[in-house]
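Asker: sequence first, then the predicted structure:
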Amino acid sequence: MTFVRTGLAALMIVAGATGGAQAQSGLPEAASGKTVERAYDDVRFDLESAIVNRGLVIDYVSHIGDMLARTGADVGSEAPIFTKAESMLFCSARLSRAAMEAAPGNVAFCPYAVFLYETPDQPGKVTVGYRRLDETGSDASKKALAEVNALLAEIVAEATGE
């Protein structure tokens, strides 16, 4: 189910920014991201490096764009949505422990997801983002979840060259 939610979060993203790394105004409330003008594979490498260089392990890469292209005819639509689209899932033992010690139900937020995509109508423009965690619960829970959001924002900023 996590993979389905991750895919849906990535599908909800709307590409619209032009130029260098700009904040996306068309993102849903639960997501944050930036668009850059670079080759998809280069941006993907930078996103993966931003995660791994922090000592984190990518548990799963969801190939959302490939899945949608492969299954389009099966669901009655062959309209191309993405040139490429992926979501990377990972956790931080330290941040996850703090969040779940504050509130065991915060397990719902793990793993964390970052995504990137390119659309056929804007080749060379790659959007990179993350699903923001809802900072709810006790003060300790809010603080722990804010730290996760800060990590995700740092990863996206690094991958987009900010």
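Answerer: That came in fine, so what should we check first?
Asker: what's the neighbour count on the residue lying closest to Thr127 once chain neighbours are set aside?
Answerer: Distance criterion C-beta to C-beta, 6 or more residues apart in numbering; nearest residue to Thr127, sequence neighbours excluded, is Thr35 at 4.7 Å. Every C-beta, even on glycine, is put in place using the N, C-alpha and C of the backbone. Number of residues near Thr35 (other C-beta atoms under 10 Å) recorded here: 27.
Asker: am I right that Thr35 is in contact with Thr119?
Answerer: No: between Thr35 and Thr119 there is no contact under C-beta atoms under 8 Å: 10.3 Å.
Asker: one step back: kindly state the beta-bridge partners for the residue nearest to Thr127.
Answerer: On the basis of DSSP bridges, Thr35 is bridged to Gln22, Thr127.
Asker: same check on Glu118?
Answerer: Lys84, Val126.
Asker: which residues touch it?
Answerer: 40, 82-85, 124-127 (C-beta atoms under 8 Å, 6 or more residues apart in numbering).
Asker: try it again at 7 Å.
Answerer: Going by C-beta atoms under 7 Å, 6 or more residues apart in numbering, Glu118 touches 40, 82-84, 125-126.
Asker: chain neighbours aside, what residue packs nearest to Asn106?
Answerer: Ala99 (4.1 Å).
Asker: and the one you found, backbone torsions?
Answerer: phi -70, psi -40 (degrees, to the nearest 10).
Asker: from Thr35, how far out is Val156?
Answerer: Distance, Val156 to Thr35, by C-beta to C-beta, to the nearest Å: 11 Å.
Asker: then Ala98?
Answerer: 32 Å.
Asker: can you check the pLDDT for the residue nearest to Asn106?
Answerer: Note on Ala99: pLDDT of 97.
Asker: mind listing what it touches?
Answerer: 106, 109, 141, 144-145, 148.
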